[in-house]
Structures are given as C-alpha cells and as structure tokens.
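**Student:** Sharing a model that was predicted from the sequence below.
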Amino acid sequence: MMRLLLRKQWYQRRVRGCVDDQNKQRKNQPNPLFNMSEQSLPIDILAPKVIDWLLDRRKLPQNWRKNLQVIRALIEKAKPDLLKNSEIQHYLEKVSTINYFHALKIFELLVKSGESEAKTLFGYYANPKLQAWNQIIRAYEKDNIYLGEISQSLLDILTYDIPNLRAAIEENNKAIAACNKHENELKKNINSSRYGYNQKCKEYQIAGEHPREEIMAKVKDLDIYFDEIVQLLKNDQILLAMEYFKDFSGFVSSIGNQKKKKKNQNVSQPENTFEIMSYLIQYGDETKAKMKSRLNPDLQVAAVPEREDEKEKVVKLSPKNEHSATQSSIEIDWSILDSNNPTLQDDSGIVPIEIKWENGTSTEIDWADTNTDGIEIADQNTSVTDHGIELASEPLELDNEGNLIGGKTVEEKVQKNTKNDDNETILGAIDTHNKFLSELQLLFCFLNQRIIEMEKQNIGLDITKINIAPQSVQNKEIPDVKRMLKSLQLVIDAAKSKKVTHLFEIKSSPKYVDRLIFSLDKDTLDIVNFEIALKENAVKREQTKDNSEQLKPKIDECKSEMKVIRKQIEEGISKLFNNRGVNLMIPNV
C-alpha cells in the first residue's frame, strides 16, 4: 500500500515537471511578429478610397485633374501622327481612351516600327513622334498623375459601370417576366373570345364559317316551329277557351247594351276577337293572300277608264262582309279639283269643294286656310280593312313642291310603305304575327282573371247576373278554366320561345341580323387583335433576352479590366514605398 502511494507521487511530480519544461521552452522562443520589419508588412487599401489615400500621403497633388487635362491635350495633338502606322492604328481601334499604359505601348510600337532613337545633346529624342510620346509618358509619371487616372477608372467601374449593367439586366429580367405574364393573359383572352364565339355559334346553330349566310339560312326552320304552334293550337281546350270568352264577353256586352238602350245610346256590335287564332285552327298557317281570298272573296280593285283631258283614276271598292253590305261602291271624281276651271275658284284662287254623298248629306271643304308648307302625313295606325286594303303608317315630310325631303317623291314613299307581303304566311308576317300574340295574351289574361274571380266568390259579377248568364258560363268550374289555361300556356310558350323569337327577328329585322353579325365580328376581331399583340409580345421578349445576353459579357469585360487596373495600381504604389507589398481590397461586385 505504501509502495502504491509513493509511485503515485512520483508520477505526479514527473508530469508536473514536463509541463514546466514545455513552458520554459516557449518563453525562450522569440515571437515572429516582433521580429518582422515594416518592409515585410503589406499595405492594405480599400479600392473606393485609393485616391483619398494617395492624396492624404501626398503621393498625388490636389490639382492632379487639371494636370491630367493638359496631358490629354498633348495626346490629342500627337494622335494624328499615329494614323500612318497600320499596327498602331489597329491597336488604337481596341482602345476607347488612351492612358499611361497605352502611351507606353504606343512608344514601344513606334520603336519597333523603325523610328530613330537618336537623342540630342540635351537628352531629347531627335524623332518628333518619339519625343512627343516620351513627353506624354514623363508628364504621366510626374507627380504620379497616372495613378490618379487609373484609380479614377477603377472607381468608375466599381461605382457606375458594373452597377448600371446589373441594373439593366435586372430590368430586362423584370420585362421578360412581365412579357410572360402578358402572354398568359393574351392566351387566356384568345381562348375566352374563341369560347364566346363558339358558344354564340352553338346558340345560333351555325358553323361560323360564313355567319350571315348561315344565320339567314336558319329562317326556313320557322315553318317547322309554326306548324308545331298550329298543332298545339288545335287543342279542344283552346276551342273551349275561345268559346268561353265569346259567351262571357257576349253576356257582359248584352248587359251593357241594355243600359245603353235605356239611355238611347248606340249599341256596340260584337266583333271577331280571335280572328287569327280561329283561322289558324280551321285552315292552318296559310299565306296572307290565301287568307284574304277566303275571308273576302268579293274584293275587287278596278280602274275607271281615263278621260281624254285627264289622267285621274277612280277606284271601286266592294264591301267586305255583311256589316258593310249597306255601303255601295264609291266613285270619286277628281275633275272638280281642276284649278284651271274658273268657275270653281273664288277671289283668293282657292277652290271650295262640296262633296255630295249618296245619303243626301253634303260636306263643303274650304282650302283657303290650308298651309301646305312642311306637310307631315302620319297615319295613326289606321287601316282600311273594310275594303281589304291596308296602308302602312309612317310620317312623310314634304317640301313646297310636294317632294319628299329625303329625296323621294310621295308616290315612291307610299309605294315603299304599301309593300306587298301577301306571300308571307300568317305567322310569318309581322302584323298578323303580332296580332296572333295579342290574341293569345288577351285570352290568357281573361282566363287568369276568371280564375281569380271564381276563387274570390261573387267579385266579377252579381249573383243575379250570373243566374241569367248562359249555361256555358255558369257551368264552368275552376278546374275547367285551369285546364284551358294550361293548354293555352303551352301555345304561348311555343310562340314566345327563344328560338322562335330569335328566328322571327332574323326574318323581320335586318338590324337584328346586323347586331348578331357585329357581335360575332367583335369576337373575331378581338381574337385577331390578341394574336397580333401576342406576336408583338413575343418579339419584345426575344429582344429583351438578346439585350440581356449582350450585357452579361460586358460585366465580364469590366471585371477583367478591373483586375488589370488593380494590378497596375498595386505595382505603382509598391514602387512609391520601396517595393513594399500592396493589397488593394475590392468589395464584392
């Protein structure tokens, strides 16, 4: 046990002694930092501060920029003599601005070209070219002007050239990204316009290659839809509804006529309310000419033979039906309007006219107060239907000579307004089609109102009047009227469907067709404009990419030039400090 304790103490003394020996050896060794001389330490200079560093140590005069301008003047003066040397001229093509090191290279090329190096007694070159460039070199070396010039060049590269190139590349990248985004938007707009165009073509049921011709060709489908409407109209419930309306309105009219008779007023005659509907149910969708011939077979239009001294015509109109049977044919003699007849004129030159009718009454028309300036004839939707003649109503504006202000005569305007559309079918003509829709709407409103009145008891008529009403009126219950209304609703839905309305507008309204074509052309024009913009955007993007690719090598050139200038500055400053090492620190660019 004692032996182990002694061994442990011996081991501890030995370890402690080794550490002490090592510390003694380190203390005896000299520190290399203290043994280094000032000459062996490098000079660290920040590149952006190199000019200030030279000025602070008076290695560069304060007015070095003025001296540099003098040197540049000497270079411009000596430069024309170099154009005769092809080798020097080729070298200058690669140089934008001549500096000190370029001057050294030019002097070297002049010596190699065989220029005489002979000197005068005072040590100047006898050759004027060598003497001029030697003077430029000495001016650069005096007061270290060349260091200030290349330091300024380095500062320009660090501060302006490289940052500007990088900013330009960044702007180009943003422009490329914007072009890519704009391209996606244009493609989206093109697809949207094409989809809209295809949807409209699908809605109009056309291929879209020749829109106007294809749209006009769809008009022939109207006959199919009109036949379907006629078939729906031939429902028994529609006939019952029309009879119900006729009986109910006749009953109400009879009550009103009784009151009028008591007051000695004119009694209203019943009229055929559903003329178009009744004809369609009986004969189908025939032409208007066929309908007129069926409804008024006695209609005749004849011309009275002309007189020798006149060109006027007399129109004979035959009565239409039994309501006009009391009227005889009318003949109008226009010869009485002859202003050349002196017996018909008064002092004012105006002819007073007296028209005698067959019933013995007479009417005198005095034209004295009539002013024909700017006559405007506007028919208030009046049609001479009793004689089978319909006049289109449209205002006509005339001048003092009786000509239409638009450039056409009255006869031409009237002929245009009375254009014959008898070849059109009943549902295909505008007037009869609208009248048919009005009849449907009238019957619909009547049935709907009757349902409301029947649900709210005794509102429409007194109970005493209902008891004296015809059996066809009293026997109708609410379910019966609803069945009529349901059948009528099917006809209205078919007649006012979107397809029928669309095709009928195409047939009857050229402006509607123009609007459809304009809508399709707008989508087509948008597609063309978007495609042109897409091409322009692609060209702009390629140009921007090319510009960026051209700028990247310039940055590499600036970095290479910066390395060369850095080495030149370090060597120049090292010469000023007895070849001491110089470290020009350039920030990360």
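**Tutor:** Looks like it arrived, so ask away. Residues are numbered from 1 along each chain as shown.
**Student:** now the strands for the protein?
**Tutor:** For the chain, the strands defined by DSSP state E occupy 43-46, 301-303, 315-317, 353-356, 362-365, 376-377, 396-397, 582-585.
**Student:** burial of residue 569, as a residue count?
**Tutor:** Using other Cβ atoms under 10 Å, residue 569 is surrounded by 22 other residues. Quick note: C-beta positions are derived from backbone N, CA and C, even for glycine.
**Student:** Could you check the pLDDT of it?
**Tutor:** The score at residue 569 is 94. That number is its pLDDT.
**Student:** ok, now the one 10 residues further on?
**Tutor:** At residue 579 the predicted local distance difference test score is 89.
**Student:** Quick check: phi and psi on it?
**Tutor:** Dihedral angles of residue 579 (phi, psi; degrees, to the nearest 10) stand at phi 60, psi 30.
**Student:** contacting residues for it?
**Tutor:** Residue 579 is in contact with no residue at all, counting by Cβ atoms under 8 Å, 6 or more residues apart in numbering.
**Student:** Could you measure from it over to residue 128?
**Tutor:** With distances taken as Cβ to Cβ, to the nearest Å, residue 579 is found 35 Å from residue 128.
**Student:** How about residue 298?
**Tutor:** Relative to residue 128, and taking Cβ to Cβ, residue 298 is found at 130 Å.
**Student:** Equivalent analysis for residue 189, please.
**Tutor:** When residue 189 is compared with residue 128 (using Cβ to Cβ), they lie 73 Å apart.
**Student:** Now do the helices in the stretch 201-350 of the chain.
**Tutor:** With DSSP state H, counting those that start in this stretch as the criterion, the stretch 201-350 of the chain has helices at 211-217, 222-233, 236-262, 275-283, 288-295.
**Student:** Of the ones you listed, give the one that comes closest to residue 132.
**Tutor:** Of all those, helix 211-217 sits nearest to residue 132, with 82.7 Å by Cβ to Cβ.
**Student:** show me where pLDDT drops low in the stretch 301-450 of the chain?
**Tutor:** Within the stretch 301-450 of the chain, the segments meeting pLDDT under 70 span 301-421.
**Student:** Next, count neighbours for residue 575.
**Tutor:** 13.
**Student:** Spit out the contact partners of residue 502.
**Tutor:** residue 204.
**Student:** these two touch, right, residue 100 and residue 153?
**Tutor:** No - in this structure, residue 100 is not within contact of residue 153 by Cβ atoms under 8 Å, at 10.7 Å.
**Student:** In this structure, where's the longest helix?
**Tutor:** helix 510-576 (DSSP state H).
**Student:** Would you mark the buried spots in stretch 70-84?
**Tutor:** By neighbour count on 16 or more other Cβ atoms under 10 Å, the buried set for stretch 70-84 is 71, 74, 75, 78, 82.
**Student:** Alpha carbons only: can I get stretch 510-523 in CSV?
**Tutor:** The C-alpha coordinates for stretch 510-523 follow below in CSV (Å, rounded to 0.1, in the frame of the first residue of the first chain):
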residue,chain,number,x,y,z
PRO,A,510,-82.2,43.3,-90.8
LYS,A,511,-80.9,45.4,-88.0
TYR,A,512,-81.2,42.4,-85.6
VAL,A,513,-79.1,40.4,-88.1
ASP,A,514,-76.6,43.2,-88.2
ARG,A,515,-76.3,43.1,-84.4
LEU,A,516,-75.7,39.4,-84.4
ILE,A,517,-73.1,39.7,-87.0
PHE,A,518,-71.5,42.6,-85.2
SER,A,519,-71.3,40.5,-82.0
LEU,A,520,-69.6,37.6,-83.9
ASP,A,521,-67.3,40.0,-85.7
LYS,A,522,-66.3,41.6,-82.5
ASP,A,523,-65.2,38.3,-81.1
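**Student:** could you give the mean pLDDT of it?
**Tutor:** 91.
**Student:** what's that stretch in contact with?
**Tutor:** By Cβ under 8 Å, 6+ apart, stretch 510-523 touches 193-194, 196-197, 200-201, 204, 208, 211-212, 215-216, 505-506.
**Student:** Rebuild the helices of the stretch 201-350 of the chain as JSON lines, extending it with distance to residue 96 and mean neighbour count.
**Tutor:** Putting the helices of the stretch 201-350 of the chain into JSON lines (distance: least, Cβ to Cβ, whole Å; neighbours: other Cβ atoms under 10 Å) gives the following:
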{"stretch": "helix 211-217", "distance to residue 96": "63", "mean neighbour count": "15"}
{"stretch": "helix 222-233", "distance to residue 96": "82", "mean neighbour count": "17"}
{"stretch": "helix 236-262", "distance to residue 96": "98", "mean neighbour count": "15"}
{"stretch": "helix 275-283", "distance to residue 96": "95", "mean neighbour count": "17"}
{"stretch": "helix 288-295", "distance to residue 96": "92", "mean neighbour count": "16"}
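**Student:** Lowest mean pLDDT across these, which one is that?
**Tutor:** Across the helices of the stretch 201-350 of the chain, helix 236-262 gives the lowest mean pLDDT, at a mean of 79.
**Student:** elements contacting it?
**Tutor:** Helices and strands touching helix 236-262, by 3 or more Cβ pairs under 8 Å, 6 or more residues apart in numbering; DSSP states H and E, are helix 275-283, helix 430-455, helix 471-474, helix 478-495.
**Student:** out of those helices, nearest to residue 220?
**Tutor:** It is, among the helices and strands packed on helix 236-262 and with distance given as Cβ to Cβ, helix 430-455, at 16.5 Å.
**Student:** ok and the closest one relative to helix 288-295, angle-wise?
**Tutor:** 60 degrees (axes from the mean of the first three to the mean of the last three Cα atoms, to 10 degrees).
**Student:** tell me the angle of helix 430-455 relative to helix 222-233?
**Tutor:** Going by the same axes, to 10 degrees, helix 430-455 makes 30 degrees with helix 222-233.
**Student:** Would you mark the buried spots in helix 430-455?
**Tutor:** Across helix 430-455, burial judged by 16+ other Cβ under 10 Å covers 432-433, 435-436, 439-440, 443-444, 446-447, 450-451, 454.
**Student:** same question, stretch 124-144
**Tutor:** Residues 125, 127, 129-130, 132-137, 139-140, 143-144 are the ones in stretch 124-144 that count as buried (16+ other Cβ under 10 Å).
**Student:** Redo those residues as a markdown table? Include pLDDT and distance to residue 64.
**Tutor:** Below are the buried residues of stretch 124-144 laid out as a markdown table (pLDDT from 0 to 100; distance: Cβ to Cβ, whole Å):
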| residue | pLDDT | distance to residue 64 |
| --- | --- | --- |
| 125 | 81 | 26 |
| 127 | 85 | 29 |
| 129 | 87 | 27 |
| 130 | 88 | 26 |
| 132 | 91 | 22 |
| 133 | 91 | 21 |
| 134 | 91 | 21 |
| 135 | 93 | 18 |
| 136 | 94 | 15 |
| 137 | 94 | 16 |
| 139 | 94 | 11 |
| 140 | 95 | 11 |
| 143 | 92 | 7 |
| 144 | 93 | 8 |
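**Student:** Just those: which are in helices?
**Tutor:** Among these, the members falling in helices (DSSP H) are 129, 130, 132, 133, 134, 135, 136, 137, 139, 140.
**Student:** Among those, which one sits closest to residue 55?
**Tutor:** residue 140 (17.4 Å).
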